[in-house]
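Engineer: Predicted model, plus sequence, below.
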Protein chains: 2
Amino acid sequence: MEDKDNSPPTERKRGSGVKRVYDVLRDEILELALPPGTPVDEVQLAERFGMSRTPIREALVRLAGEGLVETLPNRSTMVSNIDFLNLNTFFDAITLMYRVTTRLAAQKHSAADLDRIRDLQEKYAQTVASQDALGMIAANREFHAAIAKAGRNPYYHSLMIRLLDDGRRLLRLYYQSFDDRLPERYVDEHAQIIDAIARGDVEAADRLARVHADQIVAQIQRLLATDARQHPAL
Amino acid sequence: MEDKDNSPPTERKRGSGVKRVYDVLRDEILELALPPGTPVDEVQLAERFGMSRTPIREALVRLAGEGLVETLPNRSTMVSNIDFLNLNTFFDAITLMYRVTTRLAAQKHSAADLDRIRDLQEKYAQTVASQDALGMIAANREFHAAIAKAGRNPYYHSLMIRLLDDGRRLLRLYYQSFDDRLPERYVDEHAQIIDAIARGDVEAADRLARVHADQIVAQIQRLLATDARQHPAL
DNA sequence: TGCATATTCATTGTCGACAAAAAATATGCA
DNA sequence: TGCATATTTTTTGTCGACAATGAATATGCA
């Protein structure tokens, strides 16, 4: 078997290389296919993607900029750790951003925004119905990202994306060991949030977002406590 | 004159190249030495810094990640524009972050944090006393960045940095055309904020931060209005 | 002259190669 | 055998070169 790869020399358009590597790696990091601490070898990636080290490097620099990867000088870069010691800062920030972005969405959303949000809620409901934990995590991210976008404040939006991505890694970490029943109540809470946004009811949006955030934080903390009992070494 | 550059081949340590270019360019962008819209040529920079295009490129990718520079595919990258149409999103976000970070600083600061904050307040007061508008802008940024750091929430801290940097460009834009008297009242407001933080008085910290933020927003809006009268074309 | 097309030019995206740095391994001595 | 030092190996940081892309310019035709 001399030809292990019969694909043609893989012509790709000029600017597409970096984006592809970036997208794939980003996904693999968020899905924990590359767990925290995994060393990332440039030549290895270069072989895998069939390109030179230069575009790989650029993708890694971008990922480092978002904190998904850490680069120690002259030594290998590795997938960033999840910081369990400061999870409260995460909870604090995501609660605030849930509220702020949902409030703003109630004020500034367009009809198109609402359509998209409803679509994503549909997808979310499907993943919950089919007990697809991984799909649910991703769909939940998309749902709240769309709300943040409807709020039309790029500062809030980008922070929200970052928080949601960190949260995605965190949830992924627990749902691969514990598959409890998926919380169907969230579907209903999402529906209520959509209603408040559609009505332009800012205060209701704020209140619902707050409750929703508290629920999620509480759930993660429960998972954490359970996990701590099973892995007391941590 | 055959030798236009008598400096030795400029030996530099291995990892230092990118950082230098990044720091210098970042500064020049924030100081408006490179005004928004300036095209950034890679070979030109390579000559200027006496190195190959590779490290230049990496620095530019990092700057693009922070939104300080925009890269259009296959065509030159340029210094990002200041978005005048959506300044309200900036005002909204910076007001919120002033409040949140100051509140947190009141709760979580250490003695060392407080020392540093007082040092920076000292520097700020000096720049105001000497009517050094540019120095004041930079010192104000450092002051509030230190408060954000004392709050010990990396999510808030990084957003605050981004906002302060954008604000620095914005203020720089106006203070190069208008040198009104520098607002000495801010020195006093800063002092009050420090007191609230030192006392751990969260509510006072919040209230003062809010007032302070409103003041600054109002001042920028005044400058904007004045400018709009002078440049009605915009 | 005015416009459509072809050609040249400037600048980026990607490549393969080499040197520097740190880690991993081997060597020598007690 | 155990430790300090030398050597090899691995992996990154930087370089110069080349091709692709889009803009600028030149060319041809009405």
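Structural biologist: Received, thanks. Numbers count the residues shown, from 1 in each chain, chains lettered A, B, ... in the order given.

Engineer: hmm, the lengthiest helix in chain A touching chain B?
Structural biologist: Counting residues, the longest helix in chain A under DSSP state H turns out to be helix A:202-230. No. Legend: contact between helix A:202-230 and chain B by CB under 8 Å from any CB of the partner chain is lacking; minimum distance shown is 13.2 Å. Where you see a C-beta, it was placed from the backbone N, CA and C, and this is true even at glycine.

Engineer: Which residue, neighbours along the chain excluded, lies closest to the residue nearest the centre of chain A?
Structural biologist: Of all residues in chain A, the one closest to the mean position by CA atoms, centre = their mean is A:Asp165, 2.6 Å from it. By the measure of CB to CB, 6 or more residues apart in numbering or on different chains, the closest residue to A:Asp165 outside its immediate chain neighbours is A:Leu30, 5.8 Å from it.

Engineer: Now for that neighbour, how many residues are close by?
Structural biologist: When neighbours are defined as other CB atoms under 10 Å in any protein chain shown, A:Leu30 has 20 of them.

Engineer: do A:Leu208 as well
Structural biologist: The local packing count at A:Leu208 equals 23, with neighbours defined by other CB under 10 Å.

Engineer: hang on, the earlier thing: show me how far the longest helix of chain A is from its chain's centre.
Structural biologist: Helix A:202-230 has its C-alpha centroid displaced from the chain centroid by 16 Å (CA atoms, centre = their mean, to the nearest Å).

Engineer: Check stretch A:154-168 too.
Structural biologist: If you compare the mean C-alpha spot of stretch A:154-168 with that of the full chain, they lie 8 Å apart, counting by CA atoms, centre = their mean.

Engineer: And for that stretch, what's in contact with it?
Structural biologist: Under the criterion CB atoms under 8 Å, 6 or more residues apart in numbering or on different chains, residues A:30, A:66-68, A:82, A:90, A:93-94, A:97, A:100-101, A:104, A:137-138, A:141, A:144-145, A:148-149, A:151, B:86, B:89-90, B:93, B:155, B:159, B:162-163 lie in contact with stretch A:154-168.

Engineer: can you count the residues close to the nearest residue to A:His190 once chain neighbours are set aside?
Structural biologist: Using CB to CB, 6+ apart and skipping residues adjacent in sequence, the residue nearest A:His190 is A:Gln121, 5.2 Å away. Here the count is done by other CB under 10 Å, and A:Gln121 has 19 residues near it.

Engineer: Contact partners for A:Gln121?
Structural biologist: A:Phe143, A:Val187, A:His190, A:Ala191, A:Ile194.

Engineer: how about 7 Å then?
Structural biologist: By CB atoms under 7 Å, 6 or more residues apart in numbering or on different chains, the contact list for A:Gln121 reads A:Phe143, A:His190, A:Ala191, A:Ile194.

Engineer: on that earlier part again, quick one: which of the contacts of stretch A:154-168 sit in helices?
Structural biologist: Per DSSP H, helices hold the following members of the contacts of stretch A:154-168: A:30, A:90, A:93-94, A:97, A:100-101, A:104, A:137-138, A:141, A:144-145, A:148-149, B:89-90, B:93, B:155, B:159, B:162-163.

Engineer: Give the other helices and strands that the least confident helix or strand in chain A by mean pLDDT contacts.
Structural biologist: The helix or strand of chain A with the lowest confidence, counting by mean pLDDT, DSSP states H and E, is helix A:202-230 at a mean of 87. For helix A:202-230, the helices and strands in contact under the criterion 3 or more CB pairs under 7 Å, 6 or more residues apart in numbering or on different chains; DSSP states H and E are helix A:87-108, helix A:154-175, helix A:185-199.

Engineer: re the thing from before, now list the buried members of the contacts of stretch A:154-168.
Structural biologist: Members of the contacts of stretch A:154-168 that pass the buried threshold by neighbour count (16 or more other CB atoms under 10 Å in any protein chain shown) are listed as A:30, A:66, A:68, A:82, A:90, A:93-94, A:97, A:100-101, A:104, A:137-138, A:141, A:144-145, A:148-149, A:151, B:89-90, B:93, B:155, B:159, B:162-163.

Engineer: May I ask you to confirm that the residue nearest to A:Asp165 is in contact with A:Arg169?
Structural biologist: Yes. Using CB atoms under 7 Å as the test, A:Leu30 is close enough to A:Arg169 to be in contact (5.7 Å).

Engineer: hmm, back to that, only the buried subset of the contacts of A:Gln121, as a PyMOL command please.
Structural biologist: What follows is the PyMOL syntax for the buried subset of the contacts of A:Gln121, where burial is set by 16+ other CB under 10 Å:
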select buried, chain A and resi 143+190+194
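
Engineer: and which of the contacts of A:Gln121 is nearest to DNA strand D?
Structural biologist: Nearest to DNA strand D among the contacts of A:Gln121, counting by CB to the nearest atom of the strand, is A:Phe143 at 34.4 Å.

Engineer: so the closest one touches A:Leu120, yeah?
Structural biologist: Yes. If you go by CB under 7 Å, A:Phe143 and A:Leu120 touch, sitting 4.5 Å apart.

Engineer: gap between the residue nearest to A:Asp165 and A:Leu173?
Structural biologist: A:Leu30 sits 11 Å away from A:Leu173, taking CB to CB, to the nearest Å as the criterion.

Engineer: Over to A:Arg141?
Structural biologist: A:Arg141 is 15 Å from A:Leu173, where distance means CB to CB.

Engineer: repeat for A:Leu72
Structural biologist: The spacing between A:Leu72 and A:Leu173, counted by CB to CB, is 23 Å.

Engineer: go on, A:Ala93?
Structural biologist: Summarising the geometry, the distance separating A:Ala93 from A:Leu173, computed by CB to CB, is 18 Å.

Engineer: Can you list the low-confidence ranges for chain A?
Structural biologist: Filtered on pLDDT under 70, chain A yields the residue ranges A:1-11, A:176-182, A:227-234.

Engineer: Could you rerun that using 80?
Structural biologist: Across chain A, the stretches falling below the confidence threshold (pLDDT under 80) are A:1-13, A:15, A:84, A:174-184, A:226-234.

Engineer: near DNA strand D, which residues of it?
Structural biologist: Contact residues of chain A with respect to DNA strand D, defined by CB under 7 Å from any atom of the strand, are listed as A:13-14, A:40-43, A:53-54, A:57, A:71, A:73-77.

Engineer: just to revisit the earlier point, mind listing what's buried in the least confident helix or strand of chain A?
Structural biologist: Within helix A:202-230, the residues that qualify as buried are A:202, A:204-209, A:212-213, A:216-217, A:220, A:223-224, A:227, counting by 16+ other CB under 10 Å.

Engineer: quick one: which of those residues is nearest to DNA strand C?
Structural biologist: When these are compared for distance to DNA strand C, the smallest value, 29.7 Å, is given by A:Asp227; criterion: CB to the nearest atom of the strand.
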